[in-house]
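Asker: make a model of this:
(one chain, ligands or ions: 1)
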Amino acid sequence: MKIIQPYQPLLLRVVHGLTALFLILAMITAYWTYDVYDGRWGHIPLPKFEEIEGIHGTFGLWTLLIFPTLVFYAFHQGRKRLIQKNTFSNLSHVSKQGWSYHLHRLINTFILFSLTFAVFTGKMMDEK
Ligand code: HEM
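Answerer: Model prediction:
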């Protein structure tokens, strides 16, 4: 019988899952914070729940704490899933097989950069 390997190793699965969970909660509560305290680009009628800022801070902090583990994993065992020397040249051949894998590597790398900026600028936020 053929043994089917899981697509992601256990460590990646756990770290990736926790980062995603905390980040999604941070993003939802971030929007709610924006809606309660700012709303300059429009808002939806969410309840005026002022404690949401502190709750966002908590999920943001949890994301910040787990994220370095994912980065460490990504730069070691997972480095093949990040941008490679030939990524850009391969991306210009849209019709070639495997094109989407090169795009996926670019997106993975871009997300790691974006989240790094999000958590560090979040840490610089003044709750007032
Ligand atoms: C991907 C999106 C975001 C992430 C990952 C993120 C992450 C963080 C982190 C790590 C903190 C620091 C928490 C602490 O030091 O205890 C924080 C605080 C904060 N963030 Fe965000 N943030 C995001 C989006 C936003 C947005 C869109 C807003 C705009 C309303 C916002 C408003 C704040 C505020 C006001 C604080 C200070 C909260 C406090 O200290 O009680 N964040 N965020």
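
Asker: what about Gln77, distance to Tyr34?
Answerer: 36 Å (C-beta to C-beta, to the nearest Å). All C-beta atoms are positioned from the backbone trio N, CA, C, and that covers glycine.

Asker: which one of those two is surrounded by more residues?
Answerer: Tyr34 (17 against 12; other C-beta atoms under 10 Å).

Asker: and the closest residue to that one other than its chain neighbours, how many neighbours?
Answerer: Of all residues not flanking Tyr34 in the chain, His43 sits nearest, at 7.6 Å (C-beta to C-beta, 6 or more residues apart in numbering). When counting by other C-beta under 10 Å, one arrives at 13 neighbours for His43.

Asker: same question for Tyr37.
Answerer: Tyr37: 11 neighbours (other C-beta under 10 Å).

Asker: can you pull the contacts of the closest residue in space to it that isn't next to it in sequence?
Answerer: Nearest residue to Tyr37, sequence neighbours excluded (C-beta to C-beta, 6+ apart): Glu53, at 6.9 Å. If you count contacts by C-beta atoms under 8 Å, 6 or more residues apart in numbering, Glu53 has them with 33, 36-37, 127.

Asker: any idea of the mean pLDDT in the helix or strand that contains Glu53?
Answerer: In this assignment (DSSP states H and E), Glu53 forms part of helix 52-75. Mean pLDDT, helix 52-75: 97.

Asker: what about it, near the ligand?
Answerer: Yes. On the criterion C-beta under 6 Å from any ligand atom, helix 52-75 is in touch with the ligand at 53-54, 56-57, 60-61, 63-64.

Asker: rewinding a little: how close does the residue nearest to Tyr37 get to Glu127?
Answerer: 6 Å.

Asker: and Ile24, by the same measure?
Answerer: Counting by C-beta to C-beta - Ile24 and Glu127 are separated by 22 Å.

Asker: give me the more crowded residue out of the two.
Answerer: Using other C-beta under 10 Å as the criterion, Ile24 and Glu127 rank with Ile24 on top: 12 against 7.

Asker: that older thread, could you point out which element follows the helix holding Glu53?
Answerer: Past helix 52-75, the next helix or strand by DSSP H and E is helix 87-91.

Asker: same for the next helix or strand after that next one, what does it pack against?
Answerer: Next helix or strand after helix 87-91 toward the C-terminus (DSSP H and E): helix 99-123. Where contact means 3 or more C-beta pairs under 8 Å, 6 or more residues apart in numbering; DSSP states H and E, helix 99-123 is packed against helix 52-75, helix 87-91.
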